[in-house]
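# when you get a sec, could you give me coordinates for this:
(one chain, ligands or ions: 1)
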Amino acid sequence: MRHFDAIIIGTGQAGPPLAARFAGAGKTVAIIERHKFGGTCVNTGCIPTKTMVASAYAAHVARRGAEYGFAINGDLRVDMKRVKARKDEVSGRSNKGVEEWLRGLKNCTVIRGHARFQSSNTILVNDEVLVANKIFINVGGRASVPEMPGIHDVPFVTNSSIMDVDFLPEHLVIVGGSYIGLEFGQMYRRFGSEVTIVEMGPRLIGREDEDVSQGVREIMETEGIRIRLNAKCISLIKRDGSIGVGITCEEGPPEVLGTHVLLAVGRAPNTHDLGLERAGIATDQRGYIIVDDQLQTNVPGIWALGDCNGRGAFTHTSYNDYEIVADNLFNADHRRVSDRIQAYALYIDPPLGRCGMTDGEIRKSGRRALITKYPMSRVSRAYEKGETQGFMKICVDAETKQILGTAILGTGGDEVIHVLLDVMYAKAPYTVVQRAMHIHPTVAEYLPTMLSKLEPFA
Ligand SMILES: Cc1cc2nc3c(=O)[nH]c(=O)nc-3n(C[C@H](O)[C@H](O)[C@H](O)COP(=O)(O)OP(=O)(O)OC[C@H]3O[C@@H](n4cnc5c(N)ncnc54)[C@H](O)[C@@H]3O)c2cc1C
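Residues are numbered from 1 along each chain as shown. Here you go, the predicted model:
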C-alpha cells in the first residue's frame, strides 16, 4: 500500500495541471494513465484533427489558386502518408510533452496502468493499492458505437481509429452530421475523397439554430459533400468491394455505397470499468458521474473533472474544471461550474464560433430580446480573403442590454467570438462593444456596426 495526499486517474486536460498544482504545493500526488498521455485532445481529438484540418485547408486554397492569381502545374494530389506524418509529429510532441512534464514534477508519481476503485479512498492499479483522502477522476470518454444492424459484419472507423489511416478512402460515408462528423467530412473531401454524411435528424448539428444548420449545410454542399438527412433505421451491410449504409430517408435512394465508414454518433464516458460502485459513486443513466457545482461527487473527497462528468465536452471545459477545483482547494475560492458561459467552435472552414444561448433557448426563456445579423459577404476582410460564406448573429437582452448569445459562422469566427464572450463575462452592456473603435480591416470591426442595428426578435 502506498499513501499519497492525492490520486488522479487519467491524464486528460484536467489531471496533469492538477497534479502539478498538488506537487507544487509540496503534496504527494500519484497520477495514473492507462493509454496515451494527454488523452483525447492530444492523441485523437483537437490537436490531430486541427492539424489535419490545416492540411485540408492548404489543399483547398491551392485548388483555388487561379482565383488568387497563381497556377499549380500538374494535378494537385494530397499525399495522405505525409498528412498523417505531420499530424503524428504535432500530436506526438504534445503527448511527449505531457509525459515529460509529469515525470519531471517533484512529489509526483506517474503510474502506467488501469485504475479501479477498491473503496472510497483506495485505488487498485497493476496489483498495487494506492491510498489517498482526495481522489480526482479525469477519465474522459470514447466514441460511442451503437448496436445498429450489421455493425459486427463490416469494418468501420471511429475518431480514434481514423488516426491510423494513411490512405485516401475513395468514398467515405460518415454516420453522424454533428461536430465531429462535419469536421472529418470537409477534411476528407478536401483531401480528395467522395464524402456522404448520413444524419438521423432533420438537419445538421441539430443543437444549433436552423439558420446555423442551414449555413453549415451550404458550406458543405458547395464543396460537393452529399448530405442525407432524416436517415432512420441506419444499417451496415457488406457489398461487393464496398460497404452499404442502409437508410430510410424521406428523399433519395435507401442505400449509400461507400468504401469506408466513419461512425461519428456521439461519445460515452469511460466510467464503466472504474469500479465506481465499490466507492459508492453515483452516475446518471448514461454513465456520467454526477457532480455538484464545485465538481464534487456524492462521495466526500472524490471529484470528477472533464468529459466524464457530463458538464462539458471540450478541452476548455475540462481545463476550466481543473481551475475551479484547484482554486477552491488551494485558494479557498468559491468558483462554480454554473459561472461559466457555454462557448465552443466547430472547425469546418469557415469555422463556427458560438457562445451563450441559441435563439431557440432565448425564445423558450420568455425574455424580451433583440437580434442583429450580418452576412459575411458584406465584411470587407472576408471579401478580400475570398472567404465570404456564413454570417454573424448577436442576440441581446432588451432590458439589461447584456449579450445573451452569438453565432459567428465565417472566416475568423473562432477568434472573433471572444470579443463578445469577454463582454458577457464582464456582464457589461453591448454598448461597450458598440462604442469601441475596432481595427480595419478585420471581421471584428463589424461588431459595432451590427450592434447599432438591433431589432426585436421576429
Ligand atoms: C475528434 C474530436 C475532436 C475534438 N475537437 C475538439 C476541439 O477542437 N476543441 C475542444 O475543446 N474539444 C475538442 N474535442 C473534445 C476534447 O478532446 C475533450 O473534451 C478533451 O480531451 C477533454 O477530455 P478529458 O480531460 O475529459 O479527458 P481525456 O482527454 O479523454 O483523457 C482521459 C484519460 O484518462 C485515461 N483513462 C481512462 N480511464 C482510465 C483508467 N481507468 N485508468 C487510467 N487511465 C484512464 C484515458 O486513457 C485518457 O488518457 C474533440 C474530441 C474529439 C473526439
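
# these two touch, right, Gly113 and Asn126?
Yes - counting by CB atoms under 8 Å, Gly113 touches Asn126, with 4.1 Å between them. (Each C-beta comes from the backbone N, C-alpha and C, glycine too.)

# who's more crowded, these two?
Gly113 (13 against 10; other CB atoms under 10 Å).

# for the closest residue to Glu128 other than its chain neighbours, what are its contacts?
Spatial nearest neighbour of Glu128, excluding adjacent residues (CB to CB, 6 or more residues apart in numbering): Arg2 at 6.8 Å. Arg2 makes contact with 30, 109, 128-131, according to CB atoms under 8 Å, 6 or more residues apart in numbering.

# hmm, 10 Å instead?
Contacts for Arg2 (CB atoms under 10 Å, 6 or more residues apart in numbering) come out as 28, 30, 109, 111, 123, 128-132.

# cool, Glu199 as well?
174-178, 181-182, 205-206, 213, 217, 227-231, 234, 247, 249, 264-265.

# let's see it at 7 Å
With contact taken as CB atoms under 7 Å, 6 or more residues apart in numbering, Glu199 is in contact with 176-177, 228-229, 231.

# before we move on, back to that, just list whatever residues bridge to the residue nearest to Glu128.
Beta bridges link Arg2 to Leu130, judged by DSSP bridges.

# and it, how far from the ligand?
Distance, Arg2 to the ligand, using CB to the nearest ligand atom, to the nearest Å: 16 Å.

# scan the contacts of Glu199 and report the most crowded one.
Neighbour tally across the contacts of Glu199 (other CB under 10 Å): the maximum, 28 neighbours, falls on Gly177.

# element containing it?
Under the criterion DSSP states H and E, no helix or strand holds Gly177.

# could you do the one 5 residues further on as well?
Using DSSP H and E, the secondary-structure element containing Leu182 is helix 179-191.

# and the pLDDT for the closest residue to the ligand within the stretch 51-200 of the chain?
Of all residues in the stretch 51-200 of the chain, Gly140 sits closest to the ligand, with a separation of 1.9 Å (CB to the nearest ligand atom). Gly140 carries a pLDDT value of 98.

# just say helix, strand or coil for Thr400.
coil (DSSP: H, G, I helix; E, B strand; the rest coil).

# roughly how far does the closest residue to it other than its chain neighbours sit from His418?
Closest residue in space to Thr400, ignoring its immediate chain neighbours: Pro429 at 7.3 Å, by CB to CB, 6+ apart. Using CB to CB, to the nearest Å, Pro429 is found at 18 Å from His418.

# name the residue in these two with the higher neighbour count.
Just comparing Pro429 and His418: by other CB under 10 Å the higher neighbour count belongs to Pro429, 17 against 14.

# surely the more buried one touches Glu399?
No - the pair Pro429 and Glu399 fails to qualify as a contact (CB atoms under 7 Å) at a distance of 10.6 Å.

# quick one on the thing from earlier: distance of the residue nearest to Thr400 from Ile162?
45 Å.

# quick check: residues of this protein near the ligand?
Along the chain, the residues adjacent to the ligand under the rule CB under 6 Å from any ligand atom are 9-14, 32-36, 39-41, 44-46, 49-50, 114-115, 138-141, 159, 180, 270, 274, 306-308, 313-316, 318, 347.

# helix, strand, or coil at Glu99?
For Glu99, the assignment made with three-state DSSP gives helix.

# and it, what's its pLDDT?
pLDDT, read off for Glu99, is 98.

# give me the neighbour count for it.
18.

# again with Ser161
14.

# which residues does it contact?
No contacts exist for Ser161 under CB under 7 Å, 6+ apart.

# returning to what we had before: these two touch, right, the residue of the stretch 51-200 of the chain closest to the ligand and Ala304?
No - contact between Gly140 and Ala304 fails when scored by CB under 7 Å: they sit 10.8 Å apart.

# quick one: which of these two has more around it?
The neighbour count for Gly140 versus Ala304, taken as other CB under 10 Å, is higher for Ala304 (30 against 26).

# now do the same end-to-end measure for stretch 72-85.
One end of stretch 72-85 to the other measures 23 Å (CA to CA, to the nearest Å).

# looking at it, Pro368 is touching Val396, isn't it?
One thing to correct before we go on: residue 368 is Arg, not Pro. No - using CB under 7 Å, Arg368 makes no contact with Val396, being 10.2 Å away.

# for these two, work out which one has more neighbours and name it.
Legend: neighbour count by other CB under 10 Å for Arg368 and Val396, higher for Val396 (25 against 10).

# confirm that one sits in a strand?
Yes - under three-state DSSP, Val396 falls within a strand.

# any idea how far it lies from Gly356?
For Val396, the distance to Gly356 equals 10 Å [CB to CB].

# which residues do those two both contact?
In contact with both Val396 and Gly356: 403-404, using CB under 7 Å, 6+ apart.
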